[in-house]
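In: here is the input, now give the coordinates:
(one chain, ligands or ions: 1)
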Amino acid sequence: MRQIPGQPWLDDRQFHMIASLAHRESGIKLAREKKLMVQSRLRHRLRALKLGTFSDYADHVLSQDGAEERRFMISALTTNVSHFFREAQHFELMSERLIPVFRKRMDRNERIRIWSAGCSNGQEPYSIAMHLLRQEPALASADFRILGTDIDPHVIRQAKTGRYTSSQLAGLAQADLEQFTVASGDSQPHRHMTEVLKKIVLFKELNLISDWPMRFTFDAIFCRNVVIYFDQVTQTQLWPKFSSALAPSGLFFLGHSERILSPDSYGFRSVGPTAYSKCCEVSGAAR
Ligand SMILES: C[S@@+](CC[C@H](N)C(=O)[O-])C[C@H]1O[C@@H](n2cnc3c(N)ncnc32)[C@H](O)[C@@H]1O
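Out: Residues are numbered from 1 along each chain as shown. You can find the predicted model right below:
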């Protein structure tokens, strides 16, 4: 790795300390090949704290006083790439299997809940809301909510605004742009999600490897392109928690390169590409 004169340099020992801390705090696994990425993403944290070396940074972030910085560090190290309507096949499956369930629920005035776990800047939960409202407009006045959670406070703040640039909105069909977004009104080329969507989609900060405060189950859980950053052990600890959090008729979605190895041991059955339904309760599958 080439050292740039005048720029703080991350050595192997400091990298190891930071990678271990990131793993402990967030489950994110940083292999050695990520050293350059870590160095470049954390340099602005050193500047913000007026620290000259990664050694000083590692000391600070690992100290008792480093709690706030640990959050900034995790925020800098997460990969937040997202798009509207990513992995379209999941939306089709949701229409096919869940819309009939939701119609029955609405007839009985029962609640309908969806969770986008690791939602980044909100494009995933807003896409789910648009898709379902397009298929079943009556959901807008039902007890229907989508919870978007992420460890990164920065993306949660952005998601709550519901404000997106034209390049972020590029994946939306014209009909969705017209029905579900409004111009910013501040001469910027941004658009906002409508109030109807913002009433349905709610955001909270949540670290998936800490305790989950939710005390009800979800009809669908999307945790796509999140566990790919975790090691096998962390993934295996999450499957029973997701299984417990999913309603009996619910669907669980992972990203295209993620898999549950032996899904049946966690009470899941594969129902499509990286999509799972619940097949049975597994003893010990607890939050
Ligand atoms: C690549 S984005 C995926 C966004 C969206 N699910 C999608 O597929 O478009 C991964 C997100 O996972 C979040 N993340 C990483 N570790 C997490 C953790 N321990 N708890 C909650 N969210 C986490 C990151 O902050 C990031 O926003």
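In: show me which residues of this structure sit near the ligand.
Out: 26-28, 78-82, 86, 118-120, 124, 150-152, 155, 207-209, 224-226, 229, 255 (C-beta under 6 Å from any ligand atom). No exception for glycine: its C-beta is placed from N, CA and C like everyone else's.
In: please list only the buried members of these.
Out: When burial is judged by neighbour count using 16 or more other C-beta atoms under 10 Å, the buried members of the residues of the chain next to the ligand are 26-28, 78, 82, 86, 118-120, 124, 150-152, 155, 207-209, 224-226, 229, 255.
In: strands - which of those land there?
Out: The strands, defined by DSSP state E, take in Asp150 from these.
In: narrow the buried ones among the residues of the chain next to the ligand to those in helices?
Out: In helices, judged by DSSP state H, the following of these are found: Ser26, Glu124, Val155.
In: surely the first one and Ile209 touch.
Out: Yes. With contacts defined as C-beta atoms under 8 Å, Ser26 counts as touching Ile209 at a distance of 6.6 Å.
In: any chance of CSV for the ones in helices among the buried ones among the residues of the chain next to the ligand, columns pLDDT?
Out: Putting those into CSV (pLDDT from 0 to 100) gives the following:
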residue, pLDDT
Ser26, 97
Glu124, 98
Val155, 98
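In: quick check: pLDDT value at Gly284.
Out: Gly284 carries a pLDDT score of 49 in this model.
In: scratch that, Pro5 is what I was asking about
Out: Here, the pLDDT recorded for Pro5 equals 63.
In: and what of Asp186?
Out: The pLDDT attached to Asp186 in the predicted structure is 71.
In: contacts only, for the closest residue to Arg224 other than its chain neighbours.
Out: Taking C-beta to C-beta, 6 or more residues apart in numbering as the measure, Arg224 lies nearest to Gly255, with 3.9 Å between them; neighbours along the chain are not counted. When contacts are counted by C-beta atoms under 8 Å, 6 or more residues apart in numbering, Gly255 is found next to Glu87, Arg224, Asn225, Val226, Val227, Ile228, Thr274.
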